[in-house]
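>>> my questions concern the predicted model and sequence given below.
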Amino acid sequence: MPYALLIVVLAAAAPLFALGSETWWGLAPCELCLWQRWPYWAAAGLAALGVLIPGRARTVLIGLAGLAALVSAGIGALHVGVEQGWWPSPLPSCQAPTAGTAGSIDDMMRSLAAAPTKPCDAATYLIEGLPLTMAAMNLIYGLSLGALALVLARRSTRP
């Protein structure tokens, strides 16, 4: 059970930190940033079930939580590629808003989104001078958490 509880805490910490970065430091998330959070919530939920369910099922749930963290890392890798210009974002909401073919200023104003959105290719740096974007930090964290969960799941199956 301690392994499962550790994974719950570490998995929930990632999206909570991201929410905190919005609140405390005013960092605006893009659509890919938001997508990276969902697998962590899934990982936390799976690991929380592992806290409650004993035996082999706990091991499977910890392993599945690790795979969910790796999914977030995969989305993070996609996001890093978008930030670096290696490929375009697959999400239409990641594109910077444009005026389109609107004729007048009033038409252009009406065509804008109700709330400004951040394009996914605009990199966000948490620490000035550190060449790691938030997406790159998520990639590293997701890989680390996924590997940890899979190692702990494997360790718990040993006699």
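Everything's here; your move.

>>> switch to C-alpha atoms for all contacts and neighbour counts from now on
Fine.

>>> could you report the neighbour count for L132?
L132 is flanked by 17 other residues according to other CA atoms under 10 Å.

>>> now swap in L10 and tell me
If you count neighbours by other CA under 10 Å, L10 ends up with 17.

>>> and H79, what does it touch?
L32, C33, S89, C120, D121, A135 (CA atoms under 8 Å, 6 or more residues apart in numbering).

>>> most neighbours among the residues you listed, which one?
Among the contacts of H79, A135 has the most neighbours (other CA under 10 Å), with 27 neighbours.

>>> give me the distance between the nearest residue to that one once chain neighbours are set aside and L150.
Excluding its sequence neighbours, the residue lying closest to A135 (CA to CA, 6 or more residues apart in numbering) is G76, at 5.2 Å. For G76, the distance to L150 (CA to CA, to the nearest Å) stands at 19 Å.

>>> more neighbours: the two, which one.
Comparing G76 with L150 by neighbour count (other CA under 10 Å), the higher total belongs to G76, at 27 against 20.

>>> pull the residues that contact stretch 35-48.
With contacts defined as CA under 8 Å, 6+ apart, stretch 35-48 is touched by 4-5, 7-12, 14-15, 58, 61-62, 64-69, 71-73, 75-76, 138.

>>> for stretch 146-156, the averaged confidence score.
Mean pLDDT, stretch 146-156: 91.

>>> rewinding a little: tell me who's in contact with the residue nearest to A135.
Residues counted as contacts of G76 (CA under 8 Å, 6+ apart) are L32, C33, Q36, A135, A136, N138, L139.

>>> any chance of the residues you listed in TSV, plus pLDDT and secondary structure?
Formatted as TSV, these follow (pLDDT from 0 to 100; DSSP: H, G, I helix; E, B strand; the rest coil):
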residue	pLDDT	secondary structure
L32	86	helix
C33	87	helix
Q36	93	helix
A135	91	helix
A136	92	helix
N138	94	helix
L139	95	helix
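
>>> how close does the residue nearest to the spatial centre of the chain get to V80?
Geometric centre of the chain, nearest residue: Q36, 2.1 Å, by CA atoms, centre = their mean. Going from Q36 to V80 by CA to CA gives 12 Å.

>>> kindly report the same for P90.
As judged by CA to CA, P90 and V80 stand 13 Å apart.

>>> higher neighbour count, the two?
Shown here are P90 and V80; by other CA under 10 Å, V80 has more neighbours (25 against 12).

>>> so where does the more buried one fall, helix or strand?
helix 56-84 (DSSP states H and E).
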